[in-house]
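Student: here is my input; please provide its structure:
(one chain, ligands or ions: 2)
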Amino acid sequence: MPLREESTRAVERVERPTLSVVVPIYNEEEVIEILHSRLLQVLSPSVAAFEIIFVNDGSSDRSAELLDAICLSDVRFRALHFSRNFGHQAAVTAGLHAVRGDCAVVIDADLQDPPELVLVMLEKWREGYEVVYAQRVARQGEGIFKRGAASLFYTLLGSVSEIDIPRDTGDFCLMDRRVVDLLNALPERNRFLRGLRAWLGFKQIAVPFERPPRFAGQTKYPLTRMIALATDAVFALSKAPLRIATYLGLATSLVSFILGVVFIIERLTRDSGIARGWASTIVIVLFLGGIQLICIGVIGEFIGRIYDEVKGRPLYIVARSTGLE
Ligand code: UDP
Ligand code: MG
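Tutor: Ligands and ions are numbered 1, 2, ... in the order given. Next comes the predicted model:
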């Protein structure tokens with residue numbers, strides 16, 4: 001690692017850095033070195049005091065080793081190592097718990113969030129914005145499927161959620177100290193951060209950018225994880241599923257009532273046999289059974305989440321840290 005020698009162990013410990021950068025890391029051995037040099041390249045000349053906090057989310061490759069080497073050679077870098085993989089949102093949460101700066105940036109490790117944009121965000125922050133989030137105007141290197149899924153997701157979320165979530169935003173953002181403190185104080189376990197960030201409010205502004213493809217390695221967000229994240233988002237931000245269940249129940253009750261009346265009239269007048277037919281009975285029974293199961297599922301989702309909250313387990317476990325006193 002050539003940069004280890006270049007970086008200065010002698011950099012003075014700054015009690016309160018202006019900028020803290022949180023980087024979640026899960027099996028990113030291919031990108032850590034380039035990420036390290038890009039961050040230094042961008043931040044060193046322009047930001048007097050900054051700290052970088054890597055959160056190693058239980059990587060099983062050489063990530064931990066590489067991160068430790070960086071943190072041991074430069075006091076501006078620190079690393080938290082989770083005891084296992086707790087997920088992206090937990091990693092970002094842990095990083096935000098550890099930041100000491102006047103503002104904090106959350107950025108992906110794979111260079112899909114260009115570090116140069118951090119300087120633009122800082123400028124906006126100095127202008128007085130408390131939350132500056134990056135908004136993707138183009139997504140390179142993402143398949144038609146991922147783009148379609150994202151688009152569908154934001155449309156769905158926009159229609160059900162009780163607050164406005166800006167489209168095509170990720171976790172890449174800058175938050176003022178106050179916002180970070182408030183975010184950290186939110187007690188919930190289900191942490192869909194971009195939703196919570198929008199919920200907190202304050203003066204927010206978008207910075208548009210073209211999202212480049214991943215620098216190296218594979219996405220850590222396969223379809224199953226995307227669906228889990230999307231489900232978390234919908235259930236964290238709205239009670240719409242419960243309301244939809246209620247409406248479904250009302251609608252089917254109404255339909256069956258009307259059908260009942262029709263069948264009685266039919267039996268008493270023409271009696272063509274349909275009211276006696278067992279096919280209609282089966283269809284209705286199955287239909288109602290299906291609706292009931294869906295509604296139980298929706299209630300179950302909420303109960304599962306309440307159960308998680310009630311258990312009160314920590315969101316993550318830090319096995320060890322490097323560069324922290
Ligand atoms: N990540 C993490 N824990 C996980 C999955 C991902 O910390 O369980 C990190 C990952 O290392 C990266 C960021 O979250 O820094 C975003 O992941 P990725 O780039 O794979 O997602 P995508 O950009 O494909 O949506
Ligand atoms: Mg990525």
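Student: all helices of the stretch 151-300 of the chain, in order?
Tutor: 177-185, 193-200, 223-237, 240-268, 278-311 (DSSP state H, counting those that start in this stretch).
Student: residue 321 looks like it's in a helix, true?
Tutor: No. Counting by DSSP: H, G, I helix; E, B strand; the rest coil, residue 321 falls outside a helix, being strand.
Student: returning to what we had before: turn the helices of the stretch 151-300 of the chain into CSV, including mean neighbour count, mean pLDDT and distance to ligand 2.
Tutor: (Glycine included, C-beta is placed from N, CA and C.) What follows is these, written out as CSV (neighbours: other C-beta atoms under 10 Å; pLDDT from 0 to 100; distance: least, C-beta to the ion, whole Å):
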stretch, mean neighbour count, mean pLDDT, distance to ligand 2
helix 177-185, 16, 94, 22
helix 193-200, 19, 87, 15
helix 223-237, 16, 81, 12
helix 240-268, 13, 80, 29
helix 278-311, 12, 80, 26
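Student: on the C-terminal side of the helix-or-strand element of the chain with minimal mean pLDDT, identify the next helix or strand.
Tutor: Lowest by mean pLDDT, DSSP states H and E among the helices and strands of the chain is helix 2-6, with a mean of 43. On the C-terminal side of helix 2-6, the closest following helix or strand by DSSP states H and E is strand 19-25.
Student: partner strands of that next one, with direction?
Tutor: Note on strand 19-25: by DSSP bridges, its sheet partners are strand 50-56 (parallel), strand 103-106 (parallel).
Student: is that strand in proximity to ligand 2?
Tutor: No. Using C-beta under 5 Å from the ion, strand 19-25 stays clear of ligand 2, coming no nearer than 10.4 Å.
Student: show me what counts as buried in the next helix or strand after that strand.
Tutor: Proceeding N to C from strand 19-25, the next assigned helix or strand is helix 32-46, under DSSP H and E. For helix 32-46, burial by neighbour count (16 or more other C-beta atoms under 10 Å) applies to 32, 33, 35, 36, 38, 39, 40, 42, 43.
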